[in-house]
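[1] Pasting a predicted model and its sequence here:
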Number of protein chains: 2
Amino acid sequence: MVENEGVRNYYENKDRFYVAVDCIIFGFHEDELKLLLIRRRFDPCIGELSLMGGFLNKGESIDAAAERVLQELTGLENVFMEQIGIFGEVDRDPGERVLSAAYYALINSDDYNKELADSHNAVWVPMNDIPALIFDHNIMVMMAWKQLKRKAAVEPIGFNLLPQYFTLPQLQSLYEAILGETLDKRNFRKKVLAMDIFEKTEEKDKSNSKRGAFYYRFDYDKYNALVQNGSHFAL
Amino acid sequence: MVENEGVRNYYENKDRFYVAVDCIIFGFHEDELKLLLIRRRFDPCIGELSLMGGFLNKGESIDAAAERVLQELTGLENVFMEQIGIFGEVDRDPGERVLSAAYYALINSDDYNKELADSHNAVWVPMNDIPALIFDHNIMVMMAWKQLKRKAAVEPIGFNLLPQYFTLPQLQSLYEAILGETLDKRNFRKKVLAMDIFEKTEEKDKSNSKRGAFYYRFDYDKYNALVQNGSHFAL
DNA sequence: GCAAAAGTGTTAAACGTACACCCATGA
DNA sequence: TCATGGGTGTACGTTTAACACTTTTGC
């Protein structure tokens, strides 16, 4: 074990750090893009608004920690998540030095465990009106939004924010919310339908109009087949 | 100090981790995009090729650690660097569990401290022929290249890989190397010159042809002024 | 019958792409 | 004089952006 001794010594005198993950949880409700935040019932910064976070555990990958933290708040698994990056300013957490890996998640805001979320003091806040959050969480949120915009413009990930069946007007207002700009109805539909990754159903959603809008469904099989062939999807 | 006690307890039972930074150092030489790698003279994986890395120190931000590590190898400061993300698989380092924040850097491959680099066993390796590296370094490299492509397509960052004075043929072959595709000479020049962020000099580079190619210079002032006005730059 | 949202095509402008020849110079 | 890389403009096709009216239906 002489070799292992050598390896161990290599690491031995290095500093070790607390590592957290913070989740930027996006939802879409009432034509608005929103964040699921928590009002902290614990120190530091008790009473203030923050992202849902948690510490990385031994034996757990950072991705797994992010999934666990999301699940602790929402009960959800297999959610679309992407890393934003790690935030490592020395004084970012006034309590102790903690590094934090930020992840954003896209959830369907009708379909999560509300009791669980309530038990963490969770609140939905519109993206266009985000208040001051603790630490560097506002920066994380803005970087997540930027990354979401970029990603949404090149891959059809918006579906993760909608129920399984959704209408084209819904989809459009979602993309308007993500991109922060209004889109032309005809151009939007033309582009979306040209992608040919949707299945139109016979059902209509009459909650928003007398006429009703047809429900569509995202067709994963068609989408995956097209991706195999190198197709690209820009909204 | 009762309040501080409460805060301290909050962190006390959490795990702590070794954190490293790894640098993906791009250079451009002989019409090829290259990486500056090191052949390790220390464990673990002694003798193998890897990215230049180092451990995060107490009291040092992660960004600062990345800059320090780059400087330890190249002697350079104030270099264009961007974080790729943090890599946190449990077994990514076979010696001990170490998290690693990956950064890419763009340097001018004529203008760094070669003795210093030699002392670390540094070697330039063409991007199109990257051998097996230790740990997850190949993944880091591929993600860095992807991010470089995306970034280079939307912001004129390529200049960081060239000397202060460069010719348009040089610039074109750089972008061809970054993007991994050949570009049309006339279209490239049209686009580049339309940006109006260059200053043509009267000097010529005659090292590649008898006629010689005019040297240009990136005009930071013009560029910054245009960015202020919301201009975008896509190559 | 009317209010309110859903649905539908065409046209012009901008942009990207393909393409071929002359120029300047040192050897 | 010729070989080599530097430099230049145009025409076509594709993509994007602007734009207004008809349809459905519950009240």
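    Right, received. Where do you want to start?
[2] how near is the spatially closest residue to A:Arg39 that is not a sequence neighbour to DNA strand D?
    Leaving aside its chain neighbours, A:Arg39 sits nearest to A:Asn121 (4.4 Å; criterion: Cβ to Cβ, 6 or more residues apart in numbering or on different chains). Every residue, glycine included, has its C-beta placed from N, CA and C. Counting by Cβ to the nearest atom of the strand, to the nearest Å, the gap from A:Asn121 to DNA strand D is 38 Å.
[3] contacting residues for A:Asn121?
    By Cβ atoms under 8 Å, 6 or more residues apart in numbering or on different chains, the contact list for A:Asn121 reads A:Ile38, A:Arg39, A:Arg40, A:Arg41.
[4] Okay, and the most centrally placed residue in chain A sits in which element?
    For chain A, the residue nearest the mean C-alpha position is A:Ala105 (1.9 Å; Cα atoms, centre = their mean). For A:Ala105, the enclosing helix or strand under DSSP states H and E is strand A:98-106.
[5] Give me the contacts around the helix or strand that that strand is followed by.
    Scanning forward in sequence from strand A:98-106 by DSSP H and E, the next helix or strand is helix A:114-119. Among residues not part of helix A:114-119, those counted as contacts by Cβ under 8 Å, 6+ apart are A:Leu36, A:Glu72, A:Leu73, A:Thr74, A:Gly75.
[6] need the next SSE after the strand or helix carrying the third one, C-terminal direction.
    Yep, that's A:Leu73 we're talking about. Assessed by DSSP H and E, A:Leu73 sits inside helix A:62-74. Per DSSP H and E, the first helix or strand lying C-terminal to helix A:62-74 is strand A:80-87.
[7] List the pairing partners of that following strand within its sheet, with orientation.
    strand A:98-106 (antiparallel) (DSSP bridges).
[8] thinking again about what came up before, what's the angle from the helix holding A:Leu73 to strand B:80-87?
    Going by axes from the mean of the first three to the mean of the last three Cα atoms, to 10 degrees, helix A:62-74 is angled at 70 degrees with respect to strand B:80-87.
[9] Domain map for chain A?
    Listed by automatic domain parsing, the domain ranges of chain A are A:18-152, A:162-228.
[10] related to what we said a few turns ago, who's in contact with the residue nearest to the centre of chain A?
    A:Cys23, A:Ile24, A:Ile25, A:Phe26, A:Ala66, A:Leu70, A:Val79, A:Phe80, A:Met81.
[11] Only whichever of these are buried, select them in ChimeraX.
    Of these, the buried ones can be selected in ChimeraX as follows, counting by 16 or more other Cβ atoms under 10 Å in any protein chain shown:
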select /A:23,24,25,26,66,70,79,81
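[12] Now tell me what touches whichever helix in chain A runs longest from outside.
    Ranked by residue count, the top helix of chain A under DSSP state H comes out as helix A:137-152. If you take Cβ under 8 Å, 6+ apart as the criterion, helix A:137-152 is touched by A:22, A:24, A:26, A:35, A:50-51, A:82, A:84-85, A:87, A:100, A:102, A:104, A:106, A:127, A:130, A:132-133, A:157-158, A:175, A:178-180, A:235.
[13] returning to what we had before: B:Ala153 is nearest to which of the domains of chain A?
    domain A:18-152 (11.7 Å; Cβ to Cβ).
[14] for chain A, what spans make up the strands?
    A:16-29, A:32-39, A:49-50, A:52-55, A:80-87, A:98-106, A:122-126, A:165-167, A:198-205, A:213-218 (DSSP state E).
[15] got those strands as CSV, with mean pLDDT columns?
    Converted to CSV, those look like this (pLDDT from 0 to 100):
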stretch, mean pLDDT
strand A:16-29, 98
strand A:32-39, 98
strand A:49-50, 98
strand A:52-55, 98
strand A:80-87, 98
strand A:98-106, 98
strand A:122-126, 98
strand A:165-167, 97
strand A:198-205, 96
strand A:213-218, 97
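[16] Please identify the deepest-packed of those.
    The highest mean neighbour count among the strands of chain A, using mean count of other Cβ atoms under 10 Å in any protein chain shown, belongs to strand A:98-106: a mean of 25.
[17] How many residues are close by A:Asp176?
    Residue A:176: Glu, not Asp. Residues lying near A:Glu176 (other Cβ atoms under 10 Å in any protein chain shown) number 15.
[18] Same question for the one 10 residues further on.
    Using other Cβ under 10 Å, the number of residues around A:Arg186 comes to 8.
[19] and A:Lys146, how many neighbours?
    Residues near A:Lys146, counting by other Cβ under 10 Å: 11.
[20] ok, now how distant is it from A:Ala153?
    11 Å (Cβ to Cβ, to the nearest Å).
[21] now A:Cys23
    22 Å.
[22] Over to A:Phe159?
    15 Å.
[23] Looking at those two, which is more packed in?
    Taking other Cβ under 10 Å, A:Phe159 and A:Ala153 do not tie; A:Phe159 has more neighbours (21 against 14).
[24] which bits of chain A sit near DNA strand C?
    A:167-169, A:184-187, A:189-190, A:208-214 (Cβ under 7 Å from any atom of the strand).
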